[in-house]
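In: Here is the input, now give the coordinates:
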Amino acid sequence: MGDLSGATAYKSARQVISAQGRTAAVLVRLSLQLHIEYMSPTPTVSVTEAAARLSEIVDQAHGEHRPVFLTRRGRRVAAVIDADDLDRLIELAEDMADIRAAEEARAEMKATGEGPVPWEQVKTDLGW
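Out: Numbers count the residues shown, from 1 in each chain. Sure, this is the predicted structure:
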């Protein structure tokens, strides 16, 4: 995955922002935030052990706001994550998808020379 800590992450983020502009800045910020919060070393527990300690593992994931990965035969197969943290991750993923779609639309308009479609026309086309 590469070194995404400290100065290296900051330098990479600045390079992307300079090259791509505001939208890239938002994506880089969200990506770094996700990396810092969720990609740092996290606890792992076997599924068998988790079954015996489920309440404790749920409390740990909820209290520390860090997922606990569950393993089977040494491979990660699932994670226990705080429900609010999962909601936040889903929102961030949806925001990133929307930003990318907007960028693609802008690039398509630039390539084809077409302008944006007025909102009233969109509503009419959709029968609203």
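
In: use CA for all of it now, contacts and neighbours both
Out: Will do.

In: Can you give me every residue that contacts Ile81?
Out: Val58, Ala61, His62, His65, Arg66, Pro67, Val68 (CA atoms under 8 Å, 6 or more residues apart in numbering).

In: I'd assumed Asp82 was in contact with the third one.
Out: Right, His62. Yes. Applying CA atoms under 8 Å, one finds His62 in contact with Asp82, separated by 4.6 Å.

In: measure stretch 63-81 end to end?
Out: 10 Å (CA to CA, to the nearest Å).

In: On the C-terminal side of the longest helix along the chain, identify the next helix or strand.
Out: For the chain, the longest helix by residue count, based on DSSP state H, is helix 83-112. Note on helix 83-112: by DSSP states H and E, the next helix or strand toward the C-terminus is helix 119-126.

In: Which elements pack onto that following helix?
Out: If contacts are counted by 3 or more CA pairs under 8 Å, 6 or more residues apart in numbering; DSSP states H and E, helix 119-126 sits against no helix or strand.

In: then it to PDB, C-alphas only?
Out: Once side chains and other backbone atoms are set aside, the C-alpha atoms of helix 119-126 remain, and they are given as PDB (Å, rounded to 0.1, in the frame of the first residue of the first chain):
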ATOM      1  CA  TRP A 119     -32.700  21.800 -13.700                       C
ATOM      2  CA  GLU A 120     -36.200  22.600 -15.100                       C
ATOM      3  CA  GLN A 121     -35.400  20.600 -18.200                       C
ATOM      4  CA  VAL A 122     -34.100  17.600 -16.100                       C
ATOM      5  CA  LYS A 123     -37.400  17.600 -14.100                       C
ATOM      6  CA  THR A 124     -39.400  17.800 -17.400                       C
ATOM      7  CA  ASP A 125     -37.400  14.900 -18.900                       C
ATOM      8  CA  LEU A 126     -38.000  12.800 -15.800                       C
END
